[in-house]
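# No letters, just coordinates:
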């Protein structure tokens, strides 16, 4: 809604700049979806879930809305902080706390992750937060690499506008590759059975190989190529959710 002039340059095929959806229609979808989300959160009724949904909505508005003190996407550090707070911390820790509370309220026995003397974080949760921090940071910087021309015209001083898309792409891929190496080592050490160890470590090795192949096939000076690489990163992001349950 707030990026139509920029998207008309960067992504003219999107529904709003292409004229396939009206701004009024888009606002209606946003309002209905936000209200439904909060209503579902209230229905299931745990403070952790409501805090996660409400906090994510607030950060999303702060990120996008063009109003005094908002539109944090103009500032690379604030934009990255929003994405990290929602995807890496809020979603992982918030929904974990929600499920534990909901199970306990239903009378289901939950194995405690703490002792009276040494509180600990469940390995899967610690891994999920760490892994998604890496992915969220990569997404935060790579999402702007195909959009340098339009962002520069709109006065958005993204990292890609400042440093150039090729440098940002190579840096993000290098950092994510290092995180995959760490993930393989972590899962080999943390998983308690040969089966989960093979699935978690092997899955991350396959993901690292897919990332390397994507990077080799990407022309960081070509907008279409960067768009394709960015969408493949999202595939890796969601693949991570398949691997996290095996980190135990």
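Done, it's in. Please read these numbers as outputs of a predicted model, since none were measured by experiment.

# in the helix or strand of the chain with the lowest mean pLDDT, what's buried?
Every helix and strand in the chain was compared by mean pLDDT, DSSP states H and E; the lowest is helix 148-153, with a mean of 82. Of all the residues in helix 148-153, those buried under the rule 16 or more other CB atoms under 10 Å are 148, 150, 151. C-beta coordinates here come from the backbone N, C-alpha and C atoms, glycine included.

# wouldn't the last one be in contact with residue 6 here?
Yes. Between residue 151 and residue 6 a contact is recorded at 6.7 Å, counting by CB atoms under 8 Å.

# Tell me where this structure has helices.
Secondary structure of the chain by DSSP state H: the helices cover 4-10, 15-18, 23-44, 47-64, 76-83, 95-105, 123-142, 148-153, 159-163, 165-190, 194-217, 223-243.

# Can you tell me how far the nearest residue to residue 54 once chain neighbours are set aside is from residue 164?
Once flanking residues are discounted, residue 54 sits nearest to residue 38: 6.7 Å by CB to CB, 6 or more residues apart in numbering. Distance of residue 38 to residue 164, computed by CB to CB, to the nearest Å: 41 Å.

# before we move on, back to that, any chance of the buried residues of helix 148-153 in a markdown table, plus distance to residue 182?
A markdown table is the format used below for those (distance: CB to CB, whole Å):
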| residue | distance to residue 182 |
| --- | --- |
| 148 | 30 |
| 150 | 35 |
| 151 | 31 |
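
# Residue 75: what's it in contact with?
residue 157 (CB atoms under 8 Å, 6 or more residues apart in numbering).

# For it, what are phi and psi?
For residue 75, the backbone dihedrals are phi -110, psi 120 (criterion: degrees, to the nearest 10).

# Ok, residue 21 next?
Residue torsions, per degrees, to the nearest 10, at residue 21 are phi -140, psi 140.

# Quick check: it touching residue 15?
Yes. At 3.8 Å, residue 21 counts as touching residue 15 under the criterion of CB under 8 Å.

# shared neighbours, these two?
Contact criterion CB under 8 Å, 6+ apart; residues shared by residue 21 and residue 15: none found.

# Lovely, talk soon.
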